[in-house]
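Just a sequence and a predicted model for now, questions to come.
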Amino acid sequence: MRRSVLRDEQWERLKDLLPGKSTDCGVTASDNRLFIEAVLWIARTGAPWRDLPKEYGYWHRIYVRFNRWSKKGVWNRVFKALSGDRDLEYLMVDGSIVRVHQHGSPPKKSKNQKGLVNHAVV
């Protein structure tokens, strides 16, 4: 049994903001909730797209759809709708709380290191 991240009341708030409704032009999406769950799985685990479990669907189609929604601004609407929900605040990453791994930071300067000095006599 798959564990879902979204509760039913969260999905009810969210489903009308997403493209693919029967009233929208184009193809009707029957699996928007599964798609959102797949994206939340990627966000929660930090795994690459290729490691998405098969139960969510083919990873490349999920990625292409995610990218298309990003360009259309769908994710901005979703984040605004869910930003007040305390249960999903761990998915809202802010640059002020993200730390660099110790190997990703620049090397510290030694106190003995000095800048280049021009020793030419004038």
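Nice, I can see it.

What segments of this protein are helices?
8-14, 32-45, 59-72, 74-82 (DSSP state H).

so what secondary structure elements neighbour the first one?
When contacts are defined as 3 or more Cβ pairs under 8 Å, 6 or more residues apart in numbering; DSSP states H and E, helix 8-14 sits against helix 32-45, helix 74-82. C-beta coordinates here come from the backbone N, C-alpha and C atoms, glycine included.

Which residues belonging to the last one are considered buried?
Going back to what we said before, that points to helix 74-82. 74, 78, 82 (16 or more other Cβ atoms under 10 Å).

for this protein, which spans come out with low pLDDT?
1-3, 21-30, 84-107, 109-122 (pLDDT under 70).

what about Arg13, neighbour count?
14 (other Cβ atoms under 10 Å).

ok, it - contacts?
Residues near Arg13 by Cβ atoms under 8 Å, 6 or more residues apart in numbering: 81-82.

can you rerun that using 10 Å?
Arg13 makes contact with 6-7, 78, 81-82, 85 under the criterion Cβ atoms under 10 Å, 6 or more residues apart in numbering.

what's the spacing between the closest residue to Pro53 other than its chain neighbours and Gly73?
Once flanking residues are discounted, Pro53 sits nearest to Trp41: 7.3 Å by Cβ to Cβ, 6 or more residues apart in numbering. Remark: distance between Trp41 and Gly73 (Cβ to Cβ, to the nearest Å) = 22 Å.

and those two? which has more neighbours close in?
More neighbours surround Trp41 than the other of Trp41 and Gly73, with 20 against 9 (other Cβ under 10 Å).

Is it correct that that one is in contact with Leu52?
Yes: Trp41 is within contact range of Leu52, at 6.8 Å (criterion: Cβ atoms under 10 Å).

between those two, what contacts are shared?
With Cβ under 10 Å, 6+ apart as the test, Trp41 and Leu52 both reach Ile62.

could you list every residue that touches the closest residue to Leu14 other than its chain neighbours?
In space, Leu14 comes closest to Ala81 once its chain neighbours are excluded; the distance is 6.0 Å by Cβ to Cβ, 6+ apart. Applying Cβ under 10 Å, 6+ apart, we find Ala81 in contact with 10, 13-14, 16-17.
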